[in-house]
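Engineer: Show me the folded form of this:
(one chain, ligands or ions: 1)
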Amino acid sequence: MSDESDQKAARGKGGEVHQQAAGEIKVLTTQQGSPIADDQNSLKAGARGPTLLEDHALREKLFHFDHERIPERVVHARGFGVHGYFETYDSLADITCADIFQRKGEITPAFVRFSTVVGSKGSPDLARDVRGFAVKLYTEEGNWDIVGNNIPVFFIQDAIKFPDMVHSVKEEPDRGFPQAQSAHDNFWDFISLTPESMHMIMWVMSDRAIPRSFRFMEGFGVHSFRMVNKEGKAVFVKFHWKPKLGLQSVLWDEAVKVNGADPDFHRRDLWNAIIEGDFPEWELGLQIFDDEFAEQFEFDVLDATKIIPEEQIPIRVVGRLVLNRVVDNFFAETEQVAFCTQNIVRGIDHSEDPLLQGRNFSYLDTQLKRLGSPNFTHIPINAPKCPVHHFQQDGHMAIYNPKGRVNYEPNSWGDGGPRECPEKGFISYPQEVGGEKQRVRSESFADHYSQARQFYISQTPIEQQHIADALAFELSKVKTPRIRERIVSHLLNIDQELASKVAEMLAIEGLPHPAEAALPTRYDLPPSDKLSILKNGPQSFKGRKIGVLMSEDGNAAVLKYLEAALQEEGAIYEVIAPHAGELKGSDGAIIKIDEKIDGGPSVLFDAIVILPGAETVNMLVSNYAAVRFVSDAFNHNKFIGYVDAAQPLLNKANIEDMLDNGCHPLNDEASVQAFIVKCRDLRYWKRG
Ligand code: HDD
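Structural biologist: Numbers count the residues shown, from 1 in each chain. The predicted structure is shown next:
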């Protein structure tokens with residue numbers, strides 16, 4: 001490996017590290033810089049003799065390799081990080097003195113790491129799971145981390161339950177499985193005994209937990225935080241990231257198949273979008289409210305299992321996050337990035353939410369374990385981009401070591417600095433607190449069902465069915481009948497019909513009694529349309545991908561119209577064929593094939609188009625993967641465009657008699673354009 005200065009030099013020349021300019025191949029060295037003569041053979045006593053301990057190059061190479069791994073994150077191990085920036089739309093000086101919100105148009109560098117929670121580093125992307133949405137903002141006054149998720153509530157109310165909650169969902173300790181799945185006894189046992197999780201369970205069983213892409217999901221800071229202005233006046237705030245491309249999820253059957261076809265589906269999607277220059281964007285929305293609202297709101301704003309419906313506190317959009325650069329090195333950036341909820345800046349403050357309070361200990365502590373040194377802030381991805389002056393010193397891997405004799409404060413050497421500065425420094429909001437020291441849960445946290453119900457009734461019938469199906473699927477993997485029944489007893493407090501549906505799918509005879517509840521469910525909470533994915537469709541096909549199934553002599557004219565229409569829409573296509581390489585279109589021109597059919601099933605695409613040659617369509621008809629490409633797309637309610645020559649394939653897929661308005665004949669430019677307009681609905685739900 002070249003050293004740091006070599007890397008810089010290589011980059012400076014516009015090349016990648018290790019890229020070699022003609023005539024200047026670098027010499028391979030040891031870590032100590034000693035050139036290596038032979039990297040293929042260890043040093044032996046005779047050609048067939050034992051290897052000598054003296055072989056310093058071999059020993060160093062194996063030593064370093066043996067120590068390549070650091071502990072994976074105990075949760076959120078599988079993640080994908082990218083760089084970008086945050087742009088402030090307008091000054092928020094009236095609300096906060098946070099430097100990032102003072103100037104209209106301010107650009108702040110950002111690093112975002114998306115993740116799943118449960119699975120280990122090598123688990124598939126499309127597990128049913130919460131997605132982490134952690135944002136590091138390198139502001140002029142220090143790093144501010146919003147360590148959020150794609151779901152605005154959490155399983156538990158108090159951090160003391162976090163280890164139990166995580167133990168229950170991870171693989172069971174005796175057998176070491178299941179991996180990256182909540183569908184097992186331990187998880188549902190814990191949940192069935194933890195009614196505060198019911199609201200979160202509704203979200204996790206909804207399609208929010210199987211997003212189509214990181215680009216098409218929301219992010220939430222979850223807790224109530226505070227913003228404090230120059231005068232020391234505070235308001236509460238909740239953070240929302242709204243994707244410009246809208247929300248979209250996959251179906252469960254797709255998720256299962258995608259995990260086999262492309263376990264890296266989400267990271268590949270984000271990587272490709274950024275490499276292609278199609279930079280994903282989110283807007284930062286704030287729900288701002290004061291103590292008066294907090295007092296009269298029907299739930300406690302310090303309870304992380306509750307939302308504040310957008311109908312009650314509308315979102316104020318204050319800026320945008322643009323992700324525009326992939327990492328240079330996955331380990332250095334994505335693995336080593338260390339998010340901490342305690343990383344806040346002047347003008348933002350914590351609230352007394354007991355989940356957040358516990359998190360503020362946990363993140364710093366975990367980084368020490370993971371990264372091995374209190375100097376993890378010296379790692380470039382974690383280092384602030386503003387000046388840093390302090391007297392913390394030494395320790396493992398101390399990279400930036402101050403010169404001179406001063407390492408304490410106050411001191412009288414030179415100008416005596418650096419010194420604290422009350423005008424510029426972080427001042428905690430002087431919230432009055434008091435009371436007896438006691439281990440209790442506030443009574444204001446006691447309603448566990450009303451918002452779970454509100455979420456459920458806010459969904460379209462299709463989404464409600466998905467929730468019922470997901471619950472039945474997960475519980476069908478639970479082997480202990482009393483756990484299944486306990487869950488149904490909670491569901492009865494949320495929605496009778498939902499409970500009955502799930503009980504029926506699990507063949508539970510006779511409904512159990514509803515679970516005992518500290519407070520009765522409030523049936524008067526109105527639906528909140530913002531909670532549904534389908535009610536908030538993007539009305540655009542931008543950022544989406546069509547799979548074009550072709551064979552030799554495939555319809556080149558339709559492909560050209562499609563390419564133009566997709567370009568106009570901001571979407572893309574890939575060509576799938578029975579073989580890899582290239583094929584000849586009907587106009588004789590060469591078409592590059594992106595995926596051989598068994599590597600490109602239709603679950604990887606948002607819609608499909610079938611463009612075979614009339615003479616060669618049988619290559620597809622006789623190919624099982626090609627037939628399933630079509631039948632799966634149909635069963636997954638996808639839009640299907642096809643030319644006349646595709647008829648034999650439609651027959652083989654058994655859909656020729658079921659063609660509906662989601663299936664669109666393509667023959668000329670107008671028909672292709674009309675097809676893309678249809679695709680904006682993302683799925684043809686009427687198909688049932
Ligand atoms: Fe956490 C990682 C989000 C509750 C303790 N958490 C972690 C990450 C995200 C969240 C996005 C991954 C960061 C990255 O990409 O590196 N966590 C949340 C949210 C929560 C939450 C939105 C509830 C509102 N977490 C939570 C609690 C605790 C933790 C209550 C402990 C008391 N979380 C951790 C951790 C992790 C972590 C063990 C594992 C790796 C890491 O921190 O860096 O400290």
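Engineer: Every contact and neighbour count from this point should use C-alpha atoms.
Structural biologist: Will do.
Engineer: Return the residues of the stretch 101-250 of the chain in contact with the ligand.
Structural biologist: Counting by CA under 6 Å from any ligand atom, the stretch 101-250 of the chain comes close to the ligand at 113-114, 132-134, 147-149, 154, 159, 162, 222.
Engineer: Can I get the buried part of the residues you listed as one ChimeraX selection?
Structural biologist: Selection command for ChimeraX covering only the buried members of those, criterion 16 or more other CA atoms under 10 Å:
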select :113,114,132,133,134,147,148,149,154,159,162,222
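Engineer: Tell me which of the residues of the stretch 101-250 of the chain next to the ligand fall in strands.
Structural biologist: Judged by DSSP state E, strands contain the following of those: 113-114, 132-134, 147-149.
Engineer: Report how many residues lie close to K230.
Structural biologist: When neighbours are defined as other CA atoms under 10 Å, K230 has 15 of them.
Engineer: And K437, by the same measure?
Structural biologist: Neighbour number of K437 under other CA under 10 Å is 6.
Engineer: Please, where are all the helices along the stretch 51-200 of the chain?
Structural biologist: Assigned by DSSP state H, counting those that start in this stretch, the stretch 51-200 of the chain shows helices spanning 56-66, 162-169, 185-192, 198-204.
Engineer: which residues does the residue of the stretch 501-650 of the chain found nearest the ligand contact?
Structural biologist: At 17.5 Å from the ligand, L531 is the closest residue in the stretch 501-650 of the chain, using CA to the nearest ligand atom. Contacts for L531 (CA atoms under 8 Å, 6 or more residues apart in numbering) come out as 455, 458-459.
Engineer: One more pass at 7 Å, please.
Structural biologist: 455, 458 (CA atoms under 7 Å, 6 or more residues apart in numbering).
Engineer: and the gap between it and E218?
Structural biologist: Look at L531 and E218: by CA to CA, to the nearest Å, they are 11 Å apart.
Engineer: Could you tell me the phi and psi values at K44?
Structural biologist: For K44, the backbone dihedrals (degrees, to the nearest 10) come out as phi -120, psi 160.
Engineer: Return the host helix or strand of A470 as PDB; C-alpha atoms alone will do.
Structural biologist: Taking DSSP states H and E as the criterion, the element that holds A470 is helix 461-476. The C-alpha trace of helix 461-476 is given here as PDB (Å, rounded to 0.1, in the frame of the first residue of the first chain):
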ATOM      1  CA  PRO A 461     -56.800  -0.800   2.100                       C
ATOM      2  CA  ILE A 462     -53.800  -2.200   0.100                       C
ATOM      3  CA  GLU A 463     -51.400  -1.000   2.700                       C
ATOM      4  CA  GLN A 464     -53.600  -2.300   5.500                       C
ATOM      5  CA  GLN A 465     -53.600  -5.700   3.900                       C
ATOM      6  CA  HIS A 466     -49.800  -5.600   3.600                       C
ATOM      7  CA  ILE A 467     -49.600  -5.000   7.400                       C
ATOM      8  CA  ALA A 468     -51.900  -7.900   8.100                       C
ATOM      9  CA  ASP A 469     -49.900 -10.200   5.800                       C
ATOM     10  CA  ALA A 470     -46.600  -9.100   7.300                       C
ATOM     11  CA  LEU A 471     -47.900  -9.800  10.800                       C
ATOM     12  CA  ALA A 472     -49.200 -13.200   9.800                       C
ATOM     13  CA  PHE A 473     -45.900 -14.000   8.000                       C
ATOM     14  CA  GLU A 474     -43.800 -13.000  11.000                       C
ATOM     15  CA  LEU A 475     -46.000 -14.800  13.500                       C
ATOM     16  CA  SER A 476     -46.200 -17.900  11.400                       C
END
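Engineer: what separates the residue nearest to W413 when sequence neighbours are not counted from F391, distance-wise?
Structural biologist: Leaving aside its sequence neighbours, W413 sits nearest to V406 (CA to CA, 6 or more residues apart in numbering; 7.2 Å). Separation of V406 from F391 (CA to CA) stands at 8 Å.
Engineer: residue ranges of the helices in the stretch 501-650 of the chain, please?
Structural biologist: Under DSSP H, counting those that start in this stretch, the stretch 501-650 of the chain gives helices at 556-569, 617-621, 624-635, 647-652.
Engineer: Tell me which of those sits nearest to D189.
Structural biologist: Nearest to D189, of all the helices of the stretch 501-650 of the chain, is helix 624-635, at 33.6 Å by CA to CA.
Engineer: Let me know the average pLDDT across that closest one.
Structural biologist: Confidence for helix 624-635, expressed as mean pLDDT, is 98.
Engineer: now that helix, how far from the chain's geometric center?
Structural biologist: Helix 624-635 sits 28 Å away from the centroid of its parent chain (CA atoms, centre = their mean, to the nearest Å).
Engineer: That one: which residues count as buried?
Structural biologist: Counting neighbours by 16+ other CA under 10 Å, one finds that the buried residues in helix 624-635 are 625-634.
Engineer: I'd like the ones in strands among the residues of the stretch 101-250 of the chain next to the ligand laid out as TSV, including pLDDT and distance to E574.
Structural biologist: Converted to TSV, these look like this (pLDDT from 0 to 100; distance: CA to CA, whole Å):
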residue	pLDDT	distance to E574
R113	99	27
F114	99	25
G132	98	29
F133	99	29
A134	99	31
V147	98	35
G148	98	33
N149	98	31
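Engineer: Report the contact partners of the residue most central in space within the chain.
Structural biologist: The centroid of the chain falls nearest to F114 when counting by CA atoms, centre = their mean (3.6 Å). Contacts for F114 (CA under 7 Å, 6+ apart) come out as 79-81, 131-134.
Engineer: And the residue of the stretch 151-300 of the chain closest to the ligand?
Structural biologist: Across the stretch 151-300 of the chain, the shortest distance to the ligand (CA to the nearest ligand atom) belongs to A159, at 4.3 Å.
Engineer: which phi and psi does the nearest residue to that residue once chain neighbours are set aside have?
Structural biologist: Using CA to CA, 6+ apart and skipping the chain neighbours, the partner closest in space to A159 is L355 (4.5 Å). Torsion angles at L355 (phi, psi; degrees, to the nearest 10) stand at phi -80, psi -40.
Engineer: Please tell me how far L355 sits from the ligand.
Structural biologist: 5 Å (CA to the nearest ligand atom, to the nearest Å).
Engineer: Likewise for F339?
Structural biologist: On the measure of CA to the nearest ligand atom, F339 and the ligand end up 5 Å apart.
Engineer: where's that residue, which helix or strand?
Structural biologist: Using DSSP H and E, F339 sits within no helix or strand.
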